[in-house]
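Q: sequence and predicted structure, then a few things I'm wondering about:
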Amino acid sequence: MHLRISSLSKAFDGETIVDKFSYSVEGDFFLTILGSSGCGKTTLLRMISGILKPDAGRVELQSERLGFVFQDDRLIPWLNAFQNISIVSPKSSPVEYLSFVGLKGHENKFPSQLSGGMRRRLNIARALAFNPDLILMDEPFNSLDVVIKDRLIEDIQKLWTGRKISIIMVTHDPSEAARLSTDIILVQDRFSKVDEIKLGDPLERSPDDIDLISRDLLSRMKKFSSYLH
């Protein structure tokens, strides 16, 4: 798997969001795009996926099957949980993936009958059932309680190592980035400053390592937060 971004640019209504950004990564990576809200993370993720066309530059992405976990809810309201998975991946076993995200026993419930956190997990299950070699996740742990979030982080880490897939995740939470990432793009103020951080195998990190990395990332984010000035 490889991702190469060359001089990528995007503006909305004359305001530049991403300006001549370049980056490359290879292997079975877990790349996190980290930054505060509104810094352009989702815009970059959508250009990587091909959903959003850049104004200039190009993205080279080696992927045969791409799964996307959107930040907003993309579930089909008139289909139950089982059907929401089977409609995008007819050959999959929906119960297996519902169990993976802690939704076993909720197969027959419709999205309106699920909490926000449960709908988030169903979106993740649906992306996994597509059997992708690359998964893009936009704030995948939003609206999850602490226990479910911790379990899902562990499960996604096992998925990454067990299936040898690559993952690109957008988050504003440095602890998530410290725990999961092989590589981090730390974005400040709509790509006015970008730090590229290579962390290596997350499985080799101790809890103390994760805490130190998380604190360092938070410190870097604070230096560029307009809220603090």
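A: The structure has been received and is ready for your questions.

Q: now do the strands in this structure.
A: 2-12, 15-26, 30-34, 56-61, 66-69, 134-138, 166-171, 183-188, 193-198 (DSSP state E).

Q: want to throw those into a markdown table with mean pLDDT, distance to Leu45 and mean neighbour count?
A: Quick note: C-beta positions are derived from backbone N, CA and C, even for glycine. Formatted as a markdown table, the strands of the chain follow (pLDDT from 0 to 100; distance: least, CB to CB, whole Å; neighbours: other CB atoms under 10 Å):
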| stretch | mean pLDDT | distance to Leu45 | mean neighbour count |
| --- | --- | --- | --- |
| strand 2-12 | 93 | 11 | 16 |
| strand 15-26 | 91 | 11 | 16 |
| strand 30-34 | 96 | 6 | 26 |
| strand 56-61 | 94 | 11 | 14 |
| strand 66-69 | 91 | 9 | 20 |
| strand 134-138 | 94 | 6 | 23 |
| strand 166-171 | 95 | 5 | 24 |
| strand 183-188 | 93 | 10 | 22 |
| strand 193-198 | 91 | 14 | 14 |
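
Q: got a markdown table for those, with distance to Val88 too?
A: Shown next, in a markdown table, are the strands of the chain (distance: least, CB to CB, whole Å):
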| stretch | distance to Val88 |
| --- | --- |
| strand 2-12 | 24 |
| strand 15-26 | 27 |
| strand 30-34 | 23 |
| strand 56-61 | 20 |
| strand 66-69 | 9 |
| strand 134-138 | 13 |
| strand 166-171 | 18 |
| strand 183-188 | 28 |
| strand 193-198 | 33 |
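
Q: hang on, Ser49 packs against Leu66?
A: Yes - using CB atoms under 8 Å, Ser49 is in contact with Leu66, at 6.5 Å.

Q: walk me through the domains of the protein.
A: For the chain, the TED database gives the domain ranges 1-65+133-228, 78-131.

Q: out of the ones you listed, which comes closest to Asp72?
A: Among these, domain 1-65+133-228 comes nearest to Asp72, with 8.5 Å by CB to CB.

Q: off-centre distance for the closest one?
A: Offset of domain 1-65+133-228 from its chain centre (CA atoms, centre = their mean, to the nearest Å): 7 Å.

Q: any weak-confidence spans in this protein?
A: Counting by pLDDT under 70, the chain shows low-confidence ranges at 224-229.

Q: quick one: the helices in it?
A: Under the criterion DSSP state H, helices of the chain are mapped to 41-49, 81-86, 94-100, 116-129, 146-163, 174-180, 207-223.

Q: ok, residues contacting the first one?
A: Around helix 41-49, the neighbours that count as contacts under CB atoms under 8 Å, 6 or more residues apart in numbering are 3, 5, 8, 10, 17-18, 21, 33-35, 52-54, 59, 61, 66, 68, 71, 136, 138, 168, 170, 172, 185, 187, 191.

Q: right, and Asp189 touches Cys39 too?
A: Yes - if you go by CB under 8 Å, Asp189 and Cys39 touch, sitting 6.1 Å apart.

Q: with neighbour numbers in mind, choose between the two.
A: Using other CB atoms under 10 Å as the criterion, Asp189 and Cys39 rank with Cys39 on top: 26 against 14.

Q: list the contacts for that one?
A: Val187, Gln188, Asp189, Arg190, Phe191.
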